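[1] what's the 3D shape of this:
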Amino acid sequence: MGFGKKDIVKNISSKALITSKSSSLVLEAFLSFIKQNKRHRIKISRFGTYYLHKSPARIGRNPKTKEEFKIPASRKLAFKVSNKVKSILN
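    Below you'll find the model as predicted:
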């Protein structure tokens, strides 16, 4: 089971004792900040780090036809969990 935006907004509003509209604005501001600063590392202490990961060009293969094709290089947003969060999860 996963959590969507609505679930996160609902949880923030109940924990922080603010309205759903306010918590939605906070979440949108946070996501906007990450998008605007995607070329920089964004480190949140005791939580993790968002960073841009460069994926090199490679050869892909269709599993049915075995036909090969080129997959171009791309950039992806990645997240590395902090050791504190890892210890909580394990």
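[2] which residues of the chain fall in helices?
    When assigned using DSSP state H, the helices of the chain occupy the ranges 5-16, 20-36, 83-89.
[3] Could you pull up the residues touching the nearest residue to K76 once chain neighbours are set aside?
    Taking CB to CB, 6 or more residues apart in numbering as the measure, K76 lies nearest to H53, with 5.0 Å between them; neighbours along the chain are not counted. Using the backbone N, CA and C atoms, a C-beta is placed for each residue, glycine as well. Applying CB atoms under 8 Å, 6 or more residues apart in numbering, one finds that H53 lies in contact with 75-78.
[4] related to what we said a few turns ago, using TSV, please lay out the helices of the chain together with mean pLDDT.
    Below are the helices of the chain laid out as TSV (pLDDT from 0 to 100):
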stretch	mean pLDDT
helix 5-16	94
helix 20-36	93
helix 83-89	94
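[5] Could you work out which of those helices reaches nearest to G48?
    Between G48 and the helices of the chain, the shortest separation by CB to CB is 6.3 Å, and it involves helix 83-89.
[6] Quick check: bridge partners of the closest residue to I71 other than its chain neighbours?
    Taking CB to CB, 6+ apart, and ignoring the residues beside it in sequence, I71 has G60 as its nearest neighbour in space, at 4.6 Å. The bridge-partner assignment for G60, based on DSSP bridges, gives F69.
[7] Surely G60 touches F69?
    Yes - G60 lies in contact with F69 (CB atoms under 8 Å); the separation is 5.4 Å.
[8] my guess is K80 contacts Y51, does it?
    Yes - K80 lies in contact with Y51 (CB under 8 Å); the separation is 7.0 Å.
[9] which one of the two has more residues nearby?
    Neighbour count, other CB atoms under 10 Å: between K80 and Y51, Y51 has more, with 16 against 13.
[10] and that one, what does it touch?
    Counting by CB under 8 Å, 6+ apart, Y51 has contacts 41-42, 77-80.
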